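Enquirer: sequence first, predicted coordinates after that:
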Amino acid sequence: MSKDTAQRILDTALHLIVQRGYHGFSYADIAEVVMVKKPSIHFHFPTKAELVRQLLVQYRETVRSNLERLSVAVPDPLAQLRAYAGYWEECIRDDRSPFCLCALLASELLSLPPEVAEEVKLHFRDLAGWLAATLEQGAARGVLALPRGAQAEAESFMASVHGAMLSARVYGDAEVFAGVMGDAIGRLRIR
């Protein structure tokens with residue numbers, strides 16, 4: 001089995017989780033999409049928990065890499081927040097991947113295998129850390145106000161992003177996301 005097949009299995013698992021959640025798909029579903037037999041999936045990923053754990057490791061690395069690139073390409077912290085929110089707005093608008101994988105899995109946290117739950121928690125810590133650092137830079141440059149401190153504001157901003165994703169999904173309207181995020185950024189911006 002090729003590395004390409006393993007990646008197609010991971011990509012299919014990502015799509016199925018976004019559509020159905022962790023408990024809403026099986027290896028049979030993946031086998032049907034990828035057109036391989038279930039033992040072929042087990043060859044690469046002995047268990048569903050290991051499959052999703054590896055998917056999350058890959059997802060977290062991609063997110064960290066993208067946030068590092070964003071921090072370099074867009075030096076202004078306020079613009080970084082706008083670009084981060086803009087990325088998700090674009091994903092919602094074109095239905096590419098309209099929801100953060102870890103945010104979806106967080107809603108199932110209590111029923112996830114421990115190794116999967118740990119990766120979800122690590123993603124939230126990574127994202128909160130990047131947001132807090134970005135907010136601290138914005139405060140130091142005099143463009144962002146942090147009335148409750150960087151960490152609390154980072155958690156609030158992250159919750160706004162994920163909550164806005166949920167609302168946009170429920171209403172089928174990316175403008176809902178845009179409105180919530182515009183308010184969240186506006187609340188932090190020093191005028």
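Expert: Okay, I see it.
Enquirer: for stretch 21-29, the distance to its chain's centre please.
Expert: 19 Å (Cα atoms, centre = their mean, to the nearest Å).
Enquirer: residues in contact with it: which ones?
Expert: Stretch 21-29 has contacts (Cβ atoms under 8 Å, 6 or more residues apart in numbering) with 12-13, 16-17, 19, 38, 41-42, 48, 52, 104-105, 107-108, 111-112, 116. In this view, the C-beta of every residue, glycine as well, is placed from N, C-alpha and C.
Enquirer: end to end on that stretch, go ahead and measure it.
Expert: 13 Å (Cα to Cα, to the nearest Å).
Enquirer: can you pull the buried residues of it?
Expert: Judged by neighbour count (16 or more other Cβ atoms under 10 Å), stretch 21-29 contains these buried residues: 22, 25, 27.
Enquirer: so where's the protein shaky on pLDDT?
Expert: Low-confidence segments of the chain (pLDDT under 70): 1-2, 96-98.
Enquirer: now the helices: where do they sit in it?
Expert: 3-20, 27-34, 38-44, 48-73, 77-94, 101-106, 114-140, 150-171, 174-188 (DSSP state H).
Enquirer: list the residues that contact residue 130.
Expert: 64, 67, 71.
Enquirer: give the buried subset of the contacts of stretch 21-29 as a PyMOL selection command.
Expert: Selection of buried members from those for PyMOL, criterion 16+ other Cβ under 10 Å:
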select buried, resi 12+13+16+17+41+48+52+104+105+108+112+116
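Enquirer: count the neighbours of the closest residue to residue 136 other than its chain neighbours for me.
Expert: In space, and not counting its chain neighbours, residue 136 is closest to residue 150: 4.6 Å by Cβ to Cβ, 6 or more residues apart in numbering. Using other Cβ atoms under 10 Å, residue 150 has 19 neighbouring residues.
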